[in-house]
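**Student:** Provided below for reference: sequence and predicted model.
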Amino acid sequence: MVSARVFLRYEHKPLPWGVLTVGSFALMLAVLVGFNQLGGYPAKAYWKLFWPTIEAVGWAAVLISYTVFAKRMPAFLSKPLAGLGTISYSIYLLHFACLTVIPRWIPVPAGSSLNLMSQLYALTIVVPVLLSLAALSYYAVERPFLNMRVRYLRERVPPPALTSE
């Protein structure tokens, strides 16, 4: 709710929304890399008490800046992002499974910098597999079910005219 109020207050202000969008994405990437460096999901540490709030504020900044900037975004950027948005729920559902199962089938190569190797592995192996599975899941499962849903809003049919006899 706070981010909605911030959005309504600043959406019409002449701010550098493109810079703010790129900056908020970069900040979230840095925050997530930091999360990974501190042990990530399996870590048992006091800092994780604050993690949900930190992540929520970061994603709120991304959403606010992107929502305003999206109206001015060129089509060559907008269309691929809209495609990712279409399959985003499937990405959300499948990402953890992909991150845990794929390394069992295709091990992460060892190198001088395991962190760099794991990030390259994620970008070259996990992300393409995840996007492919998410698209398959969306088009084979999610969209057919979405097409079966009941329409909540229907066109109003005018009442029959009263005739006087």
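**Tutor:** Thanks, I have the structure now.
**Student:** ok, and the helix or strand in this protein with the lowest average confidence?
**Tutor:** Least confident element among the helices and strands of the chain, by mean pLDDT, DSSP states H and E: helix 114-121 (a mean of 77).
**Student:** What residues sit buried inside that one?
**Tutor:** Neighbour counts over helix 114-121 (16 or more other CB atoms under 10 Å) mark Ser118, Tyr121 as buried. Quick note: C-beta positions are derived from backbone N, CA and C, even for glycine.
**Student:** Can you name the next helix or strand after that helix?
**Tutor:** The first helix or strand that comes after helix 114-121 along the chain, using DSSP states H and E, is helix 127-137.
**Student:** avg pLDDT for that next one?
**Tutor:** For helix 127-137, the mean pLDDT works out to 96.
**Student:** low-confidence ranges in the chain?
**Tutor:** Along the chain, segments meeting pLDDT under 70 span 110-114, 164-165.
**Student:** which helices and strands does the longest helix seen in it pack with?
**Tutor:** Longest helix of the chain, by residue count under DSSP state H: helix 17-37. On a contact count with 3 or more CB pairs under 8 Å, 6 or more residues apart in numbering; DSSP states H and E, helix 17-37 meets helix 51-69.
**Student:** which ones are touching Ala70?
**Tutor:** Residues in contact with Ala70, defined by CB atoms under 8 Å, 6 or more residues apart in numbering, are Ser78, Leu81.
**Student:** any idea how far it is from Tyr138?
**Tutor:** 21 Å (CB to CB, to the nearest Å).
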